[in-house]
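*Asks:* Would you be able to build a 3D model of this:
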Amino acid sequence: MVNQFIEFTKMIKNNDLERCYKMLDHSLVVSKIQTIARYKGE
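*Replies:* Numbering: from 1, shown residues only. Model prediction:
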């Protein structure tokens, strides 16, 4: 997880917003999948 924050920091510093938003979207999808899996596991 630390590596992702480091990469986000680099993207913001370099104003690479397209890549930043792409990775944020990916993170959101992963979080949703984890949440669904957690609820199904209960």
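*Asks:* switch to C-alpha atoms for all contacts and neighbour counts from now on
*Replies:* Fine.
*Asks:* can you tell me which residue is nearest the centre of the chain?
*Replies:* Central residue of the chain (CA atoms, centre = their mean): residue 27, 2.5 Å from the mean position.
*Asks:* tell me the pLDDT at that one?
*Replies:* You'll see residue 27 listed with a pLDDT of 89.
*Asks:* Same question for residue 22.
*Replies:* On pLDDT, residue 22 comes in at 92.
*Asks:* Just the residues contacting the helix or strand bottoming out on mean pLDDT in the chain, thanks.
*Replies:* Sorting the helices and strands of the chain by mean pLDDT, DSSP states H and E puts helix 2-13 at the bottom, at a mean of 88. By CA atoms under 8 Å, 6 or more residues apart in numbering, the surrounding residues in contact with helix 2-13 are 17, 19-20.
*Asks:* Quick check: the residue nearest to the centre of the chain vs residue 42, distance?
*Replies:* 23 Å (CA to CA, to the nearest Å).
*Asks:* Summarise which helices and strands the longest helix seen in the chain is packed against.
*Replies:* Using DSSP state H, we find that the single longest helix of the chain is helix 17-41. Packing partners of helix 17-41 (3 or more CA pairs under 8 Å, 6 or more residues apart in numbering; DSSP states H and E): helix 2-13.
*Asks:* buried ones in the helix it packs on?
*Replies:* In terms of neighbour count (16 or more other CA atoms under 10 Å), helix 2-13 has its buried residues at 8, 11.
*Asks:* Direction-wise, compare it with helix 17-41 and give the angle.
*Replies:* Per axes from the mean of the first three to the mean of the last three CA atoms, to 10 degrees, the angle that helix 2-13 makes with helix 17-41 is 150 degrees.
*Asks:* Determine how far helix 2-13 lies from the middle of the whole chain.
*Replies:* With CA atoms, centre = their mean, to the nearest Å as the basis, helix 2-13 stands 11 Å off its chain's centre.
*Asks:* same thing with stretch 20-32?
*Replies:* 4 Å.
*Asks:* and the gap between residue 21 and residue 36?
*Replies:* Distance, residue 21 to residue 36, by CA to CA: 23 Å.
*Asks:* Equivalent analysis for residue 27, please.
*Replies:* 14 Å.
*Asks:* Please apply the same query to residue 8.
*Replies:* Residue 8 is 25 Å from residue 36, by CA to CA.
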